[in-house]
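*Asks:* prediction below, plus the sequence it came from.
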Amino acid sequence: MTMQVSEALEILGAKRVIWIDDRFNATPSQLAALLTNSLEIAQACEIAELQDALSSYEFDAAAAVQTITQILTDLGSERMEDIRATFFAKEKAEKKFPTNELSADAIAKACQFLGVADDDKWTFEKADQDLPGLCAAGDAETSYVVDLNESGGSPTRGLDMLKVLWAANSQGTAFILTHETNVSGEAKTEQELRAQLQELGGLGLPVCVIAKERLSDKAEDDEGMAEALRVGVKRAGLRRSMHHVLSRARETLQSAIDSAALSLLTIPPEQLEAHVFERGYKEGVSELHVVERAISAHLGREARAFFGGDDQVQASVQRLRALRTIPLHKPASEPEPHLAAFREAEVWESDVLLNKALTPIACGDVFEVDGDEASAKGSKQKFILLGQPCDISLRPEEKRRAQDTAFLIPLKTKTLPLKAEPSAKEPLLPFTLGGEQWACDFRSASVARLSILDLASFRLDGRVRVDDGHKAPAGLLVAQEKAYEDRTKPATDALGNPSLRPAPGQISVALQLTFAHADAFKYVHSPVFEEASKQKIGGETIIRPKRATWRLRRLGRVRMPYAAALLDLYTGVMSRQAFDLDFMSPGLKAAGDEAKPVVAPAVAPVPEHSNAVRPTPADLKAEAVKVPAIPAKE
């Protein structure tokens, strides 16, 4: 059964609807002011009864207004309404509004469905006088329908009404009616209005825009008018519910931050040393990272308790659920920028945070081919590092990592909108990066040496390179300080002595980053040794020192638990069982077919050092060997 507009208003919590509009300037004096405030439009209407009086306005304005008022009084209400409708139609044509002005019949029909009483049809002048008192008395169960534009007056007169409501701490819901946008532009107009209200401070009140396009042709269409108003109420319900939740959350979480701060400040210094700073030292992370985890955990607990138990929040949730039966048009497939930003904040740690803090390499780090290196030829290739987080952590009390290699997975762009289901071997990153959707190319993965990627954590720019004459930067963690000389020595020696550099076509184990050396890894497999240079690119002069560079820079990090989930996907998809399915089953032949060899990648030997990880088949790029096909059963 279709929900009635009155039922939707009840769910919204609106027991009273006040409509504020210059269309309610029903007295002769109000209509006279409307016409003379837009004199050119009024004259273009060619209203026979008023032509002479309008022409005299520029010579004696007061006398002209008095004359027009008397003429309108004598004409009666029906003719006055005709004149008003003619004026608004001409105004729409002259100003080229995207949608039509509402007719008197359309407004009457909308007021009927919304239950607007005659006493609640206000002019802007009445609103100026009565709104502050209404808000002070309590208006939580009141909704306001406000025309944005006042004919002959301010084009944002309705915005002034919103400012009054905002400043008076109104608890109601405001609908802004406008013909300056169409249905597709409602959200953008809401955004623009809120931006103009932010100067008042706080979260204000929920604002919902209704394009007059929704209502303008529905004067004789009861179901069409009802549907348009239901959609407006649904949109307002979503706004109102979110507004109430966020207003309450703002208060609660501010209190939680204060509580967490006070708790940390009361911990004795001896215990801070033992349980905060020592923990960071042992884990190989910054002490501030431990403090951040403590505050985040406290805030998370308070937030869960708030969202799970607050009565007003639960009431907002019930409102949302009750309005679900009213359908809205599906949004565009491309994510709204603010939603995308929230998602990115949840999943992504930017290079500014990682590199400026000289953060050690970790699972989920994303690298890109360094665009400042001329030899990279403008490549936009990106990679994600996946490895067991504990095993690849750099710790100060251990001489080396538990595991010195991890998987370096190429990333590839996917076109939006994504029409096909993503492949298990090309899972999407859980957010858009640089406005593009990226997928992990598990099939092209390679094993990478972490000792070389560590070089990115020694530099504020996050580049995997060693400059001639380099020095360890201030601010390194203890584990990084201990590893610095060992990590930089092979490149430093080769910079000083060209004979230590690998000959063309050969590799140096100490300098080799990845196993694979073609396709995605062709730039980063081994370093190049460059002399100092200066180059102008895009009007910017780039000065490069003498250096050994792998032409990579750290771009950011996919946060936990999302990075761990990608690692689980990789180890699951590239397991031995998956290998058997992918590489052996194509050799099965039907009875009577001659068995033919199947090409499968060779298995590379495990490196001699004990902590090495055996590459999976997808990591290998060696020569193929022939494996006999499995004969079919007779």
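*Replies:* Arrived safely. Numbering: from 1, shown residues only.

*Asks:* tell me the residue furthest from the middle of this protein?
*Replies:* Distance from the C-alpha centroid of the chain peaks at residue 74, with 59.8 Å (CA atoms, centre = their mean).

*Asks:* would that residue count as being in a strand?
*Replies:* No. Residue 74 is assigned helix when assessed by DSSP: H, G, I helix; E, B strand; the rest coil, not a strand.

*Asks:* tell me where the longest strand sits in this structure.
*Replies:* Longest strand in the chain by number of residues (criterion: DSSP state E): strand 547-558.

*Asks:* so how far is it from its chain's centroid?
*Replies:* Relative to its chain's centre, strand 547-558 lies at 25 Å (CA atoms, centre = their mean, to the nearest Å).

*Asks:* taking strand 547-558 as reference, get the angle to the following helix or strand past that strand.
*Replies:* Sequence-wise, the next helix or strand downstream of strand 547-558 (DSSP states H and E) is helix 562-573. Put simply, helix 562-573 runs at 100 degrees to strand 547-558, going by axes from the mean of the first three to the mean of the last three CA atoms, to 10 degrees.

*Asks:* pop out the phi and psi values for residue 17.
*Replies:* With angles defined as degrees, to the nearest 10, residue 17 sits at phi -120, psi 120.

*Asks:* for it, list the residues it contacts.
*Replies:* Counting by CB atoms under 8 Å, 6 or more residues apart in numbering, residue 17 touches 9, 114, 115, 116, 120, 142, 143, 144, 145. No exception for glycine: its C-beta is placed from N, CA and C like everyone else's.

*Asks:* wouldn't residue 456 be in contact with residue 370 here?
*Replies:* No. Residue 456 is beyond contact range of residue 370, at 10.4 Å (criterion: CB atoms under 8 Å).

*Asks:* give me the buried positions along stretch 253-267.
*Replies:* Using 16 or more other CB atoms under 10 Å as the test for burial, stretch 253-267 gives 256, 260.

*Asks:* that stretch: how far from the chain's middle?
*Replies:* 29 Å.

*Asks:* one step back: of the contacts of residue 17, grab the buried ones for PyMOL.
*Replies:* Per 16+ other CB under 10 Å, the buried members of the contacts of residue 17 correspond to this PyMOL selection:
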select buried, resi 9+114+116+120+142+143+144+145
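
*Asks:* just the ones in strands from the contacts of residue 17, please.
*Replies:* Among the contacts of residue 17, the ones falling in strands (DSSP E) are 142, 143, 144, 145.

*Asks:* so which elements touch the longest strand of the chain?
*Replies:* strand 348-350, helix 351-356, strand 365-369, strand 382-386, strand 428-433, strand 463-467, helix 478-496, strand 528-530 (3 or more CB pairs under 8 Å, 6 or more residues apart in numbering; DSSP states H and E).

*Asks:* okay, these in a markdown table with distance to residue 503 next?
*Replies:* Output for these, formatted as a markdown table (distance: least, CB to CB, whole Å):
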| stretch | distance to residue 503 |
| --- | --- |
| strand 348-350 | 40 |
| helix 351-356 | 33 |
| strand 365-369 | 24 |
| strand 382-386 | 27 |
| strand 428-433 | 38 |
| strand 463-467 | 20 |
| helix 478-496 | 12 |
| strand 528-530 | 12 |
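
*Asks:* re the thing from before, which single one of the ones in strands among the contacts of residue 17 is nearest to residue 81?
*Replies:* Among these, residue 145 lies closest to residue 81 (CB to CB), at 20.0 Å.

*Asks:* which pLDDT does the model give residue 560?
*Replies:* The model reports residue 560 with a pLDDT of 88.

*Asks:* count of neighbours near it?
*Replies:* Counted with other CB atoms under 10 Å, the neighbours of residue 560 add up to 14.

*Asks:* likewise residue 537?
*Replies:* Neighbour count for residue 537, taken as other CB under 10 Å: 10.

*Asks:* skipping its backbone neighbours, what lies nearest it in space?
*Replies:* Spatial nearest neighbour of residue 537, chain neighbours left out: residue 372 (7.9 Å); criterion: CB to CB, 6 or more residues apart in numbering.

*Asks:* hang on, isn't that neighbour packed against residue 540?
*Replies:* No. If you go by CB under 8 Å, residue 372 and residue 540 don't touch, sitting 9.8 Å apart.

*Asks:* so those two - more neighbours on which side?
*Replies:* residue 372 (15 against 8).

*Asks:* got the contact list for residue 15?
*Replies:* The contact partners of residue 15, taken as CB under 8 Å, 6+ apart, are 9, 141, 142.

*Asks:* with distance to residue 183 and pLDDT added, can I get these in CSV?
*Replies:* Listed next are those as CSV, based on distance: CB to CB, whole Å; pLDDT from 0 to 100:
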residue, distance to residue 183, pLDDT
9, 21, 86
141, 28, 90
142, 26, 92
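
*Asks:* closest to residue 439 among those?
*Replies:* residue 9 (45.9 Å).

*Asks:* what about that closest one, distance to residue 16?
*Replies:* 9 Å (CB to CB, to the nearest Å).

*Asks:* kindly report the same for residue 317.
*Replies:* Look at residue 317 and residue 16: by CB to CB, they are 24 Å apart.

*Asks:* mind listing the shared neighbours of residue 456 and residue 370?
*Replies:* Residues within reach of residue 456 and of residue 370 at once, by CB under 8 Å, 6+ apart, are 463, 464, 552, 553.

*Asks:* is the nearest residue to residue 353 once chain neighbours are set aside in a helix, a strand, or coil?
*Replies:* Nearest residue to residue 353, sequence neighbours excluded (CB to CB, 6+ apart): residue 359, at 7.6 Å. Classification of residue 359 by three-state DSSP places it in coil.

*Asks:* angles on the backbone of residue 359, please.
*Replies:* According to degrees, to the nearest 10, residue 359 has phi -70, psi 130.

*Asks:* give me every residue that touches it.
*Replies:* By CB under 8 Å, 6+ apart, the contact set of residue 359 is 286, 353, 457.
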